[in-house]
Each structure stands twice: as structure tokens, then as C-alpha cells.
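Chemist: pasting a predicted model and its sequence here:
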Amino acid sequence: MKIFRISTMTIIAAAVLTLTSAIPAKRTPAEQIVFSGTGGSTLGPFGFWVWSEDEDASNPYHGEANGSIYLYALHLTKHVEGEVEEVGEGSYRMTLWSSDGSIVGTLTNVPPVVHGPHNTVLATFSTPSGTGSSTSSVVNVTGPGD
């Protein structure tokens with residue numbers, strides 16, 4: 001019969017490895033921002049619904065935005081994606097584009113964020129070129145600091 005000698009250090013190393021691999025990594029809670037509304041613009045009536053996650057989130061969606069924009073008079077309804085950044089206390093700017101490049105622009109809310117369809121969101125489109133606003137938007141910010 002063979003006798004195996006295991007050092008104390010080997011036992012401690014194995015225990016530490018087992019314990020640390022069982023502890024989940026600490027995740028940073030994500031702030032989620034949603035803009036939803038309709039308004040008027042130099043391009044005619046428009047609408048949007050965009051979900052995003054702030055740049056501090058600790059997951060693959062940090063800083064990303066996804067949703068849709070529609071420009072009624074131009075018969076354009078497109079899925080858009082892009083980025084979001086907090087540009088001031090309670091103010092968020094979403095830079096958005098469609099995959100075919102037919103819609104490129106930004107949506108920026110005017111603080112403070114209030115509950116319900118009582119928020120203002122400003123739109124600036126570079127493609128097609130135009131500006132607009134929605135004064136009856138829902139702006140929902142959830143997560144840390146909400």
C-alpha cells in the first residue's frame with residue numbers, strides 16, 4: 001500500500017481555489033433608459049421607442065441602444081441601434097442609426113424625468129436631415145440612482 005503525503009499548503013490552495021470559484025463575480029447593476037413617444041418635426045410626424053442600458057453596466061449591453069424610429073410622411077419605419085450616454089443630471093442622449101443608413105440621428109431628453117407621457121425629447125436627424133420634438137414622451141429610467 002502506497003502512502004501519499006499531501007502538504008498543508010496543497011490542501012489550503014485547493015480549498016481557496018474551490019471557494020473562490022464558487023463565489024459569483026460581483027455585477028454592477030445596470031441603469032436602463034427607455035424613450036417612447038410621437039412628435040412633430042421638419043420631416044413631418046415621427047415616433048420612436050428605444051431601450052438602452054447605461055455605459056456603466058457590467059454586461060455585454062452596456063452603453064447600447066435598440067428600438068425603432070418612424071418618419072410617417074417619408075414612409076420610413078426602421079429598426080435602429082446605437083449608443084446612449086448621460087450628458088447631464090437626468091439627461092440622456094441616444095445616438096441611433098438604421099442598418100441601411102436611411103435613418104441617422106439623436107434623441108435627447110430634457111430633464112427632469114417625470115412619470116408618464118409628460119417628458120420632452122428633442123430629435124436631430126442627419127439622415128434624412130431634420131429636427132423635431134415630442135412633448136408627450138415617456139422617459140423611463142430604472143436602476144441605480146433612479
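Modeler: Thanks, I have the structure now. No experiment lies behind these values; they were computed from the predicted model shown.

Chemist: what's the local residue count around the closest residue to Glu89 other than its chain neighbours?
Modeler: In space, and not counting its chain neighbours, Glu89 is closest to Pro111: 6.5 Å by CB to CB, 6 or more residues apart in numbering. Using the backbone N, CA and C atoms, a C-beta is placed for each residue, glycine as well. Counted by other CB atoms under 10 Å, the residues lying close to Pro111 total 14.

Chemist: do the same with Tyr92
Modeler: Quick note: Tyr92 (other CB under 10 Å) scores 23 neighbours.

Chemist: lowest-scoring secondary structure element of this protein by mean pLDDT?
Modeler: helix 8-22 (a mean of 54; mean pLDDT, DSSP states H and E).

Chemist: quickly run through the sheet partners of the next helix or strand along the chain from that one, with directions.
Modeler: Downstream of helix 8-22, the next assigned helix or strand under DSSP states H and E is strand 32-41. Applying DSSP bridges, strand 32-41 is found paired with strand 46-53 (antiparallel), strand 129-142 (antiparallel).

Chemist: would you mind finding the most buried of those strands?
Modeler: strand 46-53 (a mean of 21; mean count of other CB atoms under 10 Å).

Chemist: mean confidence score for it?
Modeler: Averaged across strand 46-53, pLDDT comes to 96.

Chemist: so how far is that strand from its chain's centroid?
Modeler: From the chain centre to the centre of strand 46-53 is a distance of 10 Å (CA atoms, centre = their mean, to the nearest Å).

Chemist: so what's the residue nearest the centre of the chain bridging to?
Modeler: Residue closest to the mean C-alpha point of the chain, counted by CA atoms, centre = their mean, is Ser52 at 1.8 Å. Beta bridges link Ser52 to Ile33, Ala65, judged by DSSP bridges.

Chemist: how about Leu122?
Modeler: With DSSP bridges as the rule, Leu122 is bridged to Thr108, Ser133.

Chemist: and it, how far is that from Asn59?
Modeler: Remark: distance between Leu122 and Asn59 (CB to CB, to the nearest Å) = 29 Å.

Chemist: higher neighbour count, the two?
Modeler: The residue with more neighbours, out of Leu122 and Asn59, is Leu122; 16 against 10, by other CB under 10 Å.

Chemist: how far is stretch 111-124 from where the chain is centred?
Modeler: 16 Å.
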